[in-house]
Structures are given as structure tokens and as C-alpha cells.
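Novice: Here is a sequence with its predicted model. Questions after.
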Amino acid sequence: MSALPGPQRFDRLDALRGAAVVWMAVFHFCFDLATLGFTRQNFYEDPFWTVQRTLIVTLFLLCAGAGQAVALRQGQGWPRFWRRWAQVAGCALLVTAGSMLMFPRSYISFGVLHAIAVMLVLLRLAAPLGRGLWLLGALALALPWLVQHPFFDTRLTNWVGLVTRKPVTEDYVPLLPWIGVMAWGLAGARWLLAHRAGWMAGPLWRPLHGLAVLGRHSLSFYMLHQPVLIGALLAWRAMRS
């Protein structure tokens with residue numbers, strides 16, 4: 001597979017990531033309304049919300065895997081990879097610190113950014129497997145259904161995913177099964193780039209250009225949207241009181 005010339009943008013992929021960002025922001029806004037007492041919704045047990053969360057995380061990880069396929073196809077070297085990785089890992093640490101302040105009993109120790117940081121490294125190393133990524137993804141998706149052990153129930157080990165019970169935390173995206181989703185995103189995008197490149201690199205419908213721009217800055221938006229939403233809701237409540 002030869003490298004693509006130049007830093008080509010894949011607007012369709014960016015727009016798909018942007019759609020995931022918008023969906024996530026709406027979900028978090030509804031979550032904030034419930035957390036601050038404006039509404040009564042159970043985001044931890046109600047299938048209406050739990051299924052949405054699963055779909056949002058799935059879409060994000062598929063896009064992350066596809067993004068790695070594009071980076072590899074364009075010949076991205078390890079130095080550039082590590083620079084981007086450091087941004088993701090640094091933001092993951094900030095998420096942990098912020099959640100400790102807001103949710104001291106259920107802070108985020110291994111959420112979606114932590115997972116992406118670990119998975120990026122593992123899948124970069126696994127990329128030479130080629131079509132074997134499909135099998136790797138299937139095994140990762142199946143393993144948590146086949147193996148669970150109390151050893152993995154602690155906060156130090158639950159990041160693996162082979163838990164017997166879901167931990168008490170505001171965001172939990174363990175390595176297993178979720179690395180399977182990202183692996184399929186990488187494998188699927190590689191197939192598209194080799195056989196249906198136009199599906200990813202083709203022109204984007206003009207009204208969706210805003211989503212593409214948002215998708216290119218998804219990490220910045222992710223880090224900023226919750227402080228802005230929570231701050232706005234707190235200000236609104238203060239003005240009403």
C-alpha cells in the first residue's frame with residue numbers, strides 16, 4: 001500500500017467525526033441537566049441513554065481507527081504520531097483531574113480518551129497484521145463475554161475490561177472489548193482506501209462542511225464543551241434564583 005501524496009484531508013471522515021461530536025455534546029447537555037437537577041433522567045440504567053452512549057463511543061472509535069488508516073496511508077512517521085498521542089494522553093489526564101473535583105467518588109480513571117491513547121499505540125504496532133486486524137477485533141469483542149475475573153474489578157486493573165461488575169465511574173471505556181471496534185475501524189478504512197477510496201476522499205455536500213471543520217478540532221471541542229455547558233447552566237440557575 002503506497003503512501004498518498006501530500007497532507008490530503010478526508011472531509012467525509014472529518015464530517016462523520018463531527019457528527020459524533022455533536023451527538024456527544026447533546027448527550028452531555030442532557031446529562032448536565034439531570035446532574036444539576038433541572039431534569040430527572042437516569043443516565044446509568046435507562047436504555048434510552050445507555051444505548052446512545054454505546055453508539056457514540058462506537059462511532060468515535062471507528063473514526064479513530066479510520067484516522068489511523070489514513071495516517072498510515074499518508075506515511076505518518078512515529079515522531080508525528082507521538083506528538084498527537086501526547087495531546088490525547090495529556091487531555092486524558094486533565095479529564096481525570098477535572099472529574100476528581102466534580103465526582104470524587106466516581107471520577108474517571110479510564111474513559112474514552114484514556115482508551116484511545118492506549119489503543120492508538122497498540123494498533124499502530126498491530127497495523128502490519130493487515131487483514132488479521134479483523135480477527136483481532138473479533139477476539140477483542142468476544143473475550144469479555146468469555147472471561148471475567150475479580151482480579152480485574154479494582155481501579156488499577158479494570159482498564160483491561162475483564163471485570164465481573166461495572167465499576168462506579170462517570171466514564172468507562174475499557175481496552176476490551178473496545179479495542180476491537182477501533183481495530184475494525186482501522187481495517188475497514190484500509191479496505192476502503194484500497195478499493196473504494198472515493199467513499200472517504202470524495203467531495204462533501206456543502207451543508208456538511210461545518211461538521212468537517214468541527215471534526216478536525218474534535219479534541220479541542222471535547223475538552224472545552226463540558227466546562228462551557230456546565231458554566232452556562234450554573235449561570236442560568238444563579239440568574240433564576
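Specialist: That came through fine.
Novice: Secondary structure class of the closest residue to residue 152 other than its chain neighbours, three-state.
Specialist: Leaving out its chain neighbours, the residue that sits closest to residue 152 by Cβ to Cβ, 6 or more residues apart in numbering is residue 162, at 4.4 Å. All C-beta spots, glycine's among them, are computed from the backbone N, C-alpha and C. Three-state assignment for residue 162 (DSSP: H, G, I helix; E, B strand; the rest coil): coil.
Novice: pretty sure residue 162 is touching residue 148, no?
Specialist: Yes. In this structure, residue 162 is within contact of residue 148 by Cβ atoms under 8 Å, at 5.4 Å.
Novice: okay, these two: which has more neighbours?
Specialist: Taking neighbours as other Cβ atoms under 10 Å, residue 162 and residue 148 compare with residue 162 leading, 20 against 15.
Novice: what's near enough to touch the more buried one?
Specialist: Counting by Cβ atoms under 8 Å, 6 or more residues apart in numbering, residue 162 touches 143-144, 147-149, 152, 176.
Novice: and the gap between it and residue 84?
Specialist: The gap separating residue 162 from residue 84 is 29 Å, by Cβ to Cβ, to the nearest Å.
Novice: Next secondary structure element downstream of the helix ranked longest in the chain?
Specialist: Counting residues, the longest helix found in the chain (DSSP state H) is helix 47-73. As assigned by DSSP states H and E, the chain's next helix or strand after helix 47-73 is helix 78-102.
Novice: and that following helix, what other elements does it pack with?
Specialist: Secondary-structure packing of helix 78-102 (3 or more Cβ pairs under 8 Å, 6 or more residues apart in numbering; DSSP states H and E): helix 112-126, helix 218-240.
Novice: And those: which comes nearest residue 41?
Specialist: Each of those was scored for nearness to residue 41 using Cβ to Cβ, and the closest is helix 218-240 (14.3 Å).
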